[in-house]
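Undergrad: 3D model of this:
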Amino acid sequence: MDLPRAVRPGNFRVQPLGEGQVQIVSYSEYAPLLLPAVVLNLLPYFEGRTVEEARQAIDEQEQTEIELALVRKLLDFEILVEDKQV
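TA: Residues are numbered from 1 along each chain as shown. The predicted structure follows:
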């Protein structure tokens, strides 16, 4: 899976849907992404770190694993964007 070395949270809007779900709109109003709300709490881990460093920190500090497929999906929807400064 081809991923950038480092990513950071992009610009998006969040609408809570209840029952632990959120709808996120980023690049297009017509392409919202439904996610568990807990995923939003994981996005700051990507700020200033490589993808692997962020995944390791999430695993260690949150006792949860974020799959590379989810990182790819968040990139596809521009919830995460490439960070060339890391």
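
Undergrad: which phi and psi does the closest residue to Q85 other than its chain neighbours have?
TA: Of all residues beyond its chain neighbours, the one nearest Q85 is A6 (7.8 Å), with distances taken as C-beta to C-beta, 6 or more residues apart in numbering. Just so you know, the C-beta spots here come from the backbone N, C-alpha and C atoms, and that holds for glycine as well. Dihedral pair for A6: phi -140, psi 150, per degrees, to the nearest 10.

Undergrad: Please apply the same query to the one 5 residues further on.
TA: The phi and psi values for N11, taken as degrees, to the nearest 10, are phi -100, psi 130.

Undergrad: dump the residue contacts of it.
TA: Applying C-beta atoms under 8 Å, 6 or more residues apart in numbering to N11 gives the contacts 26, 78.

Undergrad: where does it land on pLDDT?
TA: N11 carries a pLDDT value of 96.
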